[in-house]
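Trainee: When you get a sec, could you give me coordinates for this:
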Amino acid sequence: MPSKAQRIAGWILTCLLGLFLIGPSAAGKFVDWPGKAEMMDHMGIKPDLVPVIGIIEILITIVFLIPRTSFPGAILITAYLGGAVMTHLRVGEAWFFPIIIGVVMWIALGLRYPEIFSLAFGKSTRKQDSEGITT
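Mentor: Next comes the predicted model:
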């Protein structure tokens, strides 16, 4: 069971991440700003795909923010961020920011649900009782 401070820290990180992904990241895909068309052309992304990417980003972020679906949401965001890393690598731009976002996301989830850390680092969360039965 996570401590109250861990859960609060996990939820703060989760909310900040959600605000960033739905706010400046996804919302920027729906508004026109100077240099947007040139940037998307440089990355090889057709202008009509940009809003679709924004919708996908919003939907998977919402899946991550819902406690019951946060683990599959984290997996989906990881896949989404993997595509962002590949896109940046392909055009020779800085590729590490999506990785940082992904690491923060998994830390936030691990603070909310410590069994995530146990799974990631190979530690068993099972305990044996006095008769040696694993529960």
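
Trainee: Could you use CA atoms for every contact and neighbour count after this?
Mentor: Will do.

Trainee: how about the most centrally placed residue in the chain, what does it touch?
Mentor: Central residue of the chain (CA atoms, centre = their mean): residue 77, 4.1 Å from the mean position. By CA atoms under 8 Å, 6 or more residues apart in numbering, residue 77 lies in contact with 57, 60-61, 64, 102.

Trainee: Mind listing what's buried along the helix or strand harbouring it?
Mentor: If you go by DSSP states H and E, residue 77 is part of helix 70-91. For helix 70-91, burial by neighbour count (16 or more other CA atoms under 10 Å) applies to 70-71, 73-74, 76-78, 80-82, 84-85, 87-88.

Trainee: What is the nearest of the residues you listed to residue 53?
Mentor: Distance to residue 53 across the buried residues of helix 70-91 (CA to CA) is lowest for residue 80, with 9.4 Å.

Trainee: so what's the closest one closest to, chain neighbours aside?
Mentor: Spatial nearest neighbour of residue 80, chain neighbours left out: residue 57 (7.6 Å); criterion: CA to CA, 6 or more residues apart in numbering.

Trainee: Make sure the one you found is indeed in a strand.
Mentor: No: if the criterion is DSSP: H, G, I helix; E, B strand; the rest coil, then residue 57 is helix and not within a strand.
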